[in-house]
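Student: Have a look; sequence and predicted model below, questions after that.
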Amino acid sequence: MDNTPTLRDARLTLEERVAVLTLDRDDLRNALTGTALIDDLVDTLNWANHSPDVSVLIITGNGSAFCAGGNIKEMQYRDGDHRTGPFGGSALELERKYRQGIQRIPLAMHQAEIPIIAAINGPAIGAGCDLACMCDIRIGSERATFGETFVNLGIIPGDGGAWFLQRLIGYQRAAEITLTGRLVHAEEAVQLGLMMEQVPADQLMQRALTLASQMAAKPPHALRMSKRLMKQAQRQELPDFLELCAAWQGMLHNTDDHAEAVNAFVEKREGKYRGR
């Protein structure tokens, strides 16, 4: 893995074009503040986005939680010696800390060209819930729990959660979950569309890897362009979108991988793709 980022609080592996990022601060339930996980996530996303060797990224957590979001204990300290902490300082200082801190994650996720799968091994709370919602697909174990719990602490989803959640499950359901701050457990999460499916805890990573491998086996340029196209479809009018489809399709028809895919289909064999 040449040019891989140096991570402090997470582990990164790459095998057969599938990268796995494991949040590794179980002592803090993989909280994003009070750890280096914001930097680790952003650096990994930027690396994966620019690496021709990566087709799919899986994000999961080590230990009892997927991600606990913000470290609530740090929210107790706002003044004096703790002014420099993640939640300390004036309103203007906090605005800057959010923009230059946790808000880097949704921007990096939004720019990602590769499919991202969340393997949710436990609670995904606050910003951890939002991190899961930023992924393309969510698979969880029976231990998975979601909580858009900011209102319980007298704050809002400062990382963009209100933007992601309602686009995922619809405004009405997102409003109920956000405004009550209640927890959503695995079975209900599947019913709501927060998770695609629930699997036994001991099968979670294997299921995520199987799905990721199915994607990673596809021609790399077509895979990335397909995700980019789906994102563009969310914010473009149909005539403009069709113009984009025509242009990108023209590019892909002229790739070596397209020719290999057609030949492999006709010859009834697996394709061998080189990203060309």
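Tutor: Now that the structure is in, tell me what you want to look at. Numbering: from 1, shown residues only.
Student: and residue 253, how many neighbours?
Tutor: Residue 253 has 10 neighbours, counted by other C-beta atoms under 10 Å. Every residue, glycine included, has its C-beta placed from N, CA and C.
Student: cool, residue 171 as well?
Tutor: Neighbour count for residue 171, taken as other C-beta under 10 Å: 10.
Student: any chance you could map the strands in the stretch 51-200 of the chain?
Tutor: 56-61, 116-120, 123-125, 137-140, 145-147, 183-185, 197-198 (DSSP state E, counting those that start in this stretch).
Student: Select, out of these, the one closest to residue 213.
Tutor: For those, the distance to residue 213 is smallest for strand 56-61, at 8.0 Å, taking C-beta to C-beta.
Student: quick one: that closest one to chain centroid distance?
Tutor: The chain centre lies 8 Å from the centre of strand 56-61; the measure is C-alpha atoms, centre = their mean, to the nearest Å.
Student: okay if I get the strands of the stretch 51-200 of the chain as JSON lines plus mean pLDDT?
Tutor: Shown next, in JSON lines, are the strands of the stretch 51-200 of the chain (pLDDT from 0 to 100):
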{"stretch": "strand 56-61", "mean pLDDT": "98"}
{"stretch": "strand 116-120", "mean pLDDT": "98"}
{"stretch": "strand 123-125", "mean pLDDT": "97"}
{"stretch": "strand 137-140", "mean pLDDT": "98"}
{"stretch": "strand 145-147", "mean pLDDT": "98"}
{"stretch": "strand 183-185", "mean pLDDT": "98"}
{"stretch": "strand 197-198", "mean pLDDT": "98"}
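Student: So for stretch 42-54, mean pLDDT?
Tutor: Stretch 42-54 shows a mean pLDDT of 96.
Student: Now that stretch - C-alpha only, PDB.
Tutor: Below are the C-alpha coordinates for stretch 42-54, written out as PDB (Å, rounded to 0.1, in the frame of the first residue of the first chain):
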ATOM      1  CA  VAL A  42     -10.400  12.400   6.300                       C
ATOM      2  CA  ASP A  43      -6.900  11.200   5.400                       C
ATOM      3  CA  THR A  44      -8.100   7.800   4.600                       C
ATOM      4  CA  LEU A  45     -11.000   9.100   2.400                       C
ATOM      5  CA  ASN A  46      -8.600  11.400   0.500                       C
ATOM      6  CA  TRP A  47      -6.100   8.600   0.000                       C
ATOM      7  CA  ALA A  48      -8.800   6.100  -1.200                       C
ATOM      8  CA  ASN A  49     -10.300   8.700  -3.500                       C
ATOM      9  CA  HIS A  50      -6.900   9.300  -5.200                       C
ATOM     10  CA  SER A  51      -5.600   5.700  -5.200                       C
ATOM     11  CA  PRO A  52      -6.100   3.700  -8.400                       C
ATOM     12  CA  ASP A  53      -5.700   0.500  -6.300                       C
ATOM     13  CA  VAL A  54      -8.800   1.100  -4.200                       C
END
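Student: Identify each buried residue in that stretch, please.
Tutor: Under the neighbour-count criterion of 16 or more other C-beta atoms under 10 Å, stretch 42-54 has 42-45, 47-48, 51, 54 buried.
Student: Give me the longest helix you can find in the protein.
Tutor: helix 238-253 (DSSP state H).
Student: Tell me which residues of the helix or strand following it come out buried.
Tutor: Sequence-wise, the next helix or strand downstream of helix 238-253 (DSSP states H and E) is helix 256-266. Judged by neighbour count using 16+ other C-beta under 10 Å, the buried positions of helix 256-266 are 257-258, 260-261.
Student: which helices and strands sit right next to helix 256-266?
Tutor: When contacts are defined as 3 or more C-beta pairs under 8 Å, 6 or more residues apart in numbering; DSSP states H and E, helix 256-266 sits against helix 220-233.
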